[in-house]
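> Kindly generate the corresponding structure for this input.
(one chain, ligands or ions: 2)
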Amino acid sequence: MTTDPNRVLIFDTTLRDGEQSPGATMTHAEKLEIAQLLDEMGVDIIEAGFPIASEGDFRAVKEISERAQNATICGLARANFKDIDRAWEAVRPAKSPRIHTFIGTSPLHRAIPNLDMDQMAERIHDTVTHARNLCDNIQWSPMDATRTEWDYLCRVIEIAIKAGATTINIPDTVGYTAPGESADLIRRLIATVPGADEVVFATHCHNDLGMATANSLAAVEGGARQIECTINGLGERAGNTALEEVVMALRVRNDIMPYSTSIDTTKIMNISRRVATVSGFAVQFNKAIVGKNAFAHESGIHQDGMLKNAETFEIMRPADVGLSETSLVMGKHSGRAALRAKLKDLGLELADNQLNDVFVRFKDLADRKKEVYDEDIVALVRQNEGAEDHLKLVSLRVVCGTAGPAEAEMAISVDGAEQTVSATGDGPVDSAFNAVKSVFPHGARLALYQVHAVTEGTDAQATVTVRLEEEGRIATGMSADTDTVVASTKAYINALNRLIVRRQKTAPGVDTKEVSYKDAGE
Ligand SMILES: CC(=O)SCCNC(=O)CCNC(=O)[C@H](O)C(C)(C)COP(=O)(O)OP(=O)(O)OC[C@H]1O[C@@H](n2cnc3c(N)ncnc32)[C@H](O)[C@@H]1OP(=O)(O)O
Ligand SMILES: CC(C)C(=O)C(=O)O
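Numbering: from 1, shown residues only. Ligands and ions are numbered 1, 2, ... in the order given. Below is the predicted model of the structure:
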């Protein structure tokens, strides 16, 4: 397949071992789509399924074989003629077909079909020979190799090679090995087994102890030249080696692991998202390479560093894996540098004193909210554009529910003098508005009351708009808060403040120009 001694073949088994994850079953159309994406991203071998397992699996492997443009298509088979024949039938239409046959060689697995060592050796000889008579590209795996006795492992691998296997895969079926052992096992097998230099050694690691990626890379150090992996590390139990991890590790640390793959890494993010969607297995936020947070920074010191030089906190460029950009997540750990950059992105350039003011309120909001979205920040800035405040909300407490009218208790300052009032109303907002009215009676009509959730989730910021009309004057106030009643009360007070300014400037009935937050500074 390749003459470069440092080229590592990528064998993707998302559609076979990945699909074995409980609940990860994919439809026929989804399998075809994923296979096409794998083919396009440069995967060398796609294990498309286990053709004997079901009619659906057979059809999927066959159709993927018919469609694949570049990749070798492989079908899995147990160590019996029926499985092997079915696998061959399915992969036969591929430009480059492969049969992968396996049997469990460790003492625990030998006990299951109740075969002694010699009987199993004979079975391996017969089945690999049968497969090789059908197809010239045969992969053979001693399942649970890492718990198989050394002498017996060498013996059966030699038999498989002599019977015509072209790839010998060494599965760590239960994720039991460790990096040093993984490298050593492959190195010793290649040095010991007659004919080992004529075949490709592969590594197939599971992640039960969280070492699948490390074990696979160690196996490459030991001489393996095929890594078996899945997108997002999907697979039985804790999953398989994640394709994106081994590929990016070999790329980023090529200085100490001088091996290459054929993967177009810019396609990683897209296929990761598709596999997550079709399998129903969401990617954990902090998953290496493809997690939502893999290229996201929230803390101020990191954000400041990123803005000055992205290499301070990123060892890969987001574009290398197909992400358009790093994301600076605005939250309680963010600093002024990130806020200024975010405001600039949003087209809002503030003077330093304004920035400081917005920053204080941003921190206050971030303390109450998990993540502060762009819309929250716009709302904060707009809120800051308010007129001189005659009325200021100091505190508000509302009791509401099914048992009677809502009751608001409010501390409010009127031209600097704080008063405490309470009022009831038809619902929490009405009771709060009545409390304001009790300290600042007015005849203005509520012309508009509008609530808009500017962000998603139950901790979303509500933006409330209140419009008041009084003798031809119109004043609009707006406010944003995670608490809708607080946002409503502030918007109401905001509108009243503007109305007061308007009253001072115009005689009744003369001016119908709308006074709103946009008229800040009047
Ligand atoms: C480590 C791995 O990932 S191995 C791959 C695991 N993947 C799967 O099993 C998914 C697909 N499997 C299936 O759909 C089914 O298990 C089938 C169609 C393959 C077999 O179904 P059934 O005939 O009902 O057998 P069942 O699943 O109950 O048991 C497995 C049989 O295969 C035998 N077997 C298991 N591995 C092998 C092997 N490598 N070579 C030969 N026989 C094997 C077992 O001894 C058992 O045989 P028995 O029925 O004579 O006791
Ligand atoms: C079939 C083999 C290669 C396997 O999936 C395993 O051992 O984990």
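> In PDB, list the C-alpha atoms belonging to the helix or strand hosting Thr129.
According to DSSP states H and E, Thr129 maps onto helix 117-134. Taking C-alpha atoms only, helix 117-134 is exported to PDB below (Å, rounded to 0.1, in the frame of the first residue of the first chain):
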ATOM      1  CA  MET A 117      -4.400 -24.800  21.800                       C
ATOM      2  CA  ASP A 118      -3.900 -27.200  18.900                       C
ATOM      3  CA  GLN A 119      -7.500 -27.200  17.700                       C
ATOM      4  CA  MET A 120      -7.500 -23.400  17.700                       C
ATOM      5  CA  ALA A 121      -4.200 -23.300  15.800                       C
ATOM      6  CA  GLU A 122      -5.700 -25.600  13.200                       C
ATOM      7  CA  ARG A 123      -8.900 -23.500  13.000                       C
ATOM      8  CA  ILE A 124      -6.700 -20.400  12.400                       C
ATOM      9  CA  HIS A 125      -4.800 -22.100   9.700                       C
ATOM     10  CA  ASP A 126      -7.900 -23.300   7.900                       C
ATOM     11  CA  THR A 127      -9.900 -20.100   8.100                       C
ATOM     12  CA  VAL A 128      -7.100 -17.800   7.100                       C
ATOM     13  CA  THR A 129      -6.200 -20.100   4.200                       C
ATOM     14  CA  HIS A 130      -9.900 -20.100   3.100                       C
ATOM     15  CA  ALA A 131     -10.000 -16.300   3.300                       C
ATOM     16  CA  ARG A 132      -6.800 -15.900   1.300                       C
ATOM     17  CA  ASN A 133      -8.100 -18.200  -1.400                       C
ATOM     18  CA  LEU A 134     -10.900 -15.600  -1.900                       C
END
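> is the helix or strand just after it up against ligand 1 anywhere?
Per DSSP H and E, the first helix or strand lying C-terminal to helix 117-134 is strand 138-143. Yes: judged by C-beta under 6 Å from any ligand atom, strand 138-143 comes into contact with ligand 1 at Met143. Where you see a C-beta, it was placed from the backbone N, CA and C, and this is true even at glycine.
> Which residues outside strand 138-143 are in contact with it?
Applying C-beta atoms under 8 Å, 6 or more residues apart in numbering, the contact partners of strand 138-143 are 74, 98-106, 109, 124, 128, 131-132, 148, 153, 156-157, 160, 164-171, 173, 202, 204.
> ok, now with 7 Å
With contacts defined as C-beta atoms under 7 Å, 6 or more residues apart in numbering, strand 138-143 is touched by 74, 98-105, 109, 128, 131-132, 148, 153, 156-157, 160, 164-169, 171, 173, 204.
> Now do the helix or strand just after that strand: which elements does it pack against?
Sequence-wise, the next helix or strand downstream of strand 138-143 (DSSP H and E) is helix 150-163. In terms of contacts (3 or more C-beta pairs under 7 Å, 6 or more residues apart in numbering; DSSP states H and E), helix 150-163 is packed against helix 117-134, strand 138-143, strand 167-172, helix 179-192.
> now the nearest residue to Ser395 once chain neighbours are set aside, what's its secondary structure?
Leaving aside its sequence neighbours, Ser395 sits nearest to Ala411 (C-beta to C-beta, 6 or more residues apart in numbering; 4.5 Å). Under DSSP: H, G, I helix; E, B strand; the rest coil, the three-state class of Ala411 is strand.
> about what we covered before: so which of the helices and strands packed on helix 150-163 is nearest Glu469?
helix 179-192 (73.9 Å; C-beta to C-beta).
> Any buried residues in the closest one, and which?
Residues of helix 179-192 classed as buried by neighbour count (16 or more other C-beta atoms under 10 Å): 179, 181-187, 189-190.
> Could you do stretch 389-404 as well?
Quick answer for stretch 389-404 (16+ other C-beta under 10 Å): 390-391, 393, 396, 398, 400.
> thinking again about what came up before, could I get the helices and strands packed on helix 150-163 in a markdown table, plus columns for distance to ligand 2 and mean pLDDT?
Listed next are the helices and strands packed on helix 150-163 as a markdown table, based on distance: least, C-beta to the nearest ligand atom, whole Å; pLDDT from 0 to 100:
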| stretch | distance to ligand 2 | mean pLDDT |
| --- | --- | --- |
| helix 117-134 | 14 | 98 |
| strand 138-143 | 4 | 98 |
| strand 167-172 | 3 | 98 |
| helix 179-192 | 14 | 98 |
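> what residues does the stretch 201-350 of the chain put near ligand 2?
So the stretch 201-350 of the chain meets ligand 2 at 204, 206 (C-beta under 6 Å from any ligand atom).
> same thing but 8 Å
204, 206, 228, 236, 240 (C-beta under 8 Å from any ligand atom).
> biggest separation within those residues, which pair?
Glu228 and Glu236 (12.5 Å).
> which residues of the stretch 151-300 of the chain fall in helices?
Listed in chain order, the helices of the stretch 151-300 of the chain (DSSP state H, counting those that start in this stretch) span 179-192, 212-222, 243-252, 268-279, 300-308.
> packing partners for the shortest one?
Put plainly, it is helix 300-308. Partner elements for helix 300-308 (3+ C-beta pairs under 7 Å, 6+ apart): helix 336-345.
> So for the helix or strand following the helix it packs on, what gets flagged as buried?
Sequence order places helix 352-368 as the next helix or strand after helix 336-345, per DSSP H and E. Using 16+ other C-beta under 10 Å as the test for burial, helix 352-368 gives 355, 358-359, 362-363, 365-366.
> Which SSE is immediately downstream of helix 352-368?
Taking DSSP H and E, what comes next after helix 352-368 is helix 374-384.
> neighbouring strands for the helix or strand just after that next one, and are they parallel or not?
Next helix or strand after helix 374-384 toward the C-terminus (DSSP H and E): strand 391-399. Using DSSP bridges, strand 391-399 pairs in its sheet with strand 406-414 (antiparallel).
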